[in-house]
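> Can you look at this prediction? I've put the sequence above it.
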Amino acid sequence: MMDFPIRSSLFDIEEGKQLQALFDAQGLIPVITQDNASLEVLMLGWMSREALEKTIVSGMAHYWSRARQQLWKKGERSGQAQIVNRILIDDDQDCLLLRVTLTKGASCHVGYHSCFFRELNIADSKTDFSLTYLETEKIYDPELAYGFNPHQQTIKTP
């Protein structure tokens, strides 16, 4: 296991030249994932220290599933993997940004290219909370990829 540097001075965190990532109380850090070529935002995920280590060592994106409480390698079951081109960290080192290349064109576990495939309809600062689809076709069939229908999973609420 990697020994990640310990956070030190505010200057070192905000302007230093060493990773001093801030993991939350659950040991996680948020990760924005972006297409390396188009810069489109593909997903928001979470990484544990182990997920970050595996991502650094392998060059393939790994995440922590808060719903399943387990480490997962993106694309391990679906084949929709993410090759990591760059790992960026924000100014106070509490959020990561991965620039990735998709191996098969999708990032979303329900089959779309991006997890952000819908937009909230807002007119004159009012909404009926309806959504418009930005993507009309799925890249892959999640039921075939996972062997079950992801829509039939139990939803955990706080």
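Received, thanks.

> going forward, measure contacts and count neighbours with C-alpha atoms only.
Noted.

> mind listing what's buried in whatever helix or strand Glu50 lives in?
Secondary structure from DSSP states H and E places Glu50 in helix 49-58. Residues Arg49, Glu50, Ala51, Leu52, Glu53, Lys54, Thr55 are the ones in helix 49-58 that count as buried (16 or more other C-alpha atoms under 10 Å).

> wait, which of those residues is closest to Val84?
Thr55 (7.6 Å; C-alpha to C-alpha).

> from what I can see that closest one touches Trp72, true?
No: using C-alpha atoms under 8 Å, Thr55 is not in contact with Trp72, being 10.7 Å away.

> Name all residues that sit in contact with these two at the same time.
Listed as contacting both Thr55 and Trp72 by C-alpha atoms under 8 Å, 6 or more residues apart in numbering are His62.

> residue with max distance from the center of the chain?
With distances taken as C-alpha atoms, centre = their mean, the residue sitting farthest from the centre of the chain turns out to be Asp124, at 31.8 Å.

> Quick check: closest non-adjacent residue to Val100.
Val84 (4.5 Å; C-alpha to C-alpha, 6 or more residues apart in numbering).

> Now do the SS call for that neighbour.
Assigned by DSSP: H, G, I helix; E, B strand; the rest coil, the conformation of Val84 is strand.

> got the contact list for the residue most central in space within the chain?
Taking C-alpha atoms, centre = their mean, the centroid of the chain lies closest to Gly45, which sits 3.0 Å from it. Gly45 makes contact with Pro30, Val31, Ile32, Thr33, Tyr63, Trp64, Ser65, according to C-alpha under 8 Å, 6+ apart.

> isn't Glu119 right next to Glu135, touching?
No: at 10.1 Å, Glu119 does not count as touching Glu135 under the criterion of C-alpha under 8 Å.

> Buried subset of the contacts of Gly45 as a PyMOL selection?
The buried residues among the contacts of Gly45 can be selected in PyMOL (16+ other C-alpha under 10 Å) with this line:
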select buried, resi 30+31+32+33+63+64
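
> Next, format the contacts of Gly45 as a markdown table and append pLDDT.
Conversion of the contacts of Gly45 to a markdown table gives the following (pLDDT from 0 to 100):
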| residue | pLDDT |
| --- | --- |
| Pro30 | 98 |
| Val31 | 98 |
| Ile32 | 98 |
| Thr33 | 98 |
| Tyr63 | 98 |
| Trp64 | 98 |
| Ser65 | 94 |
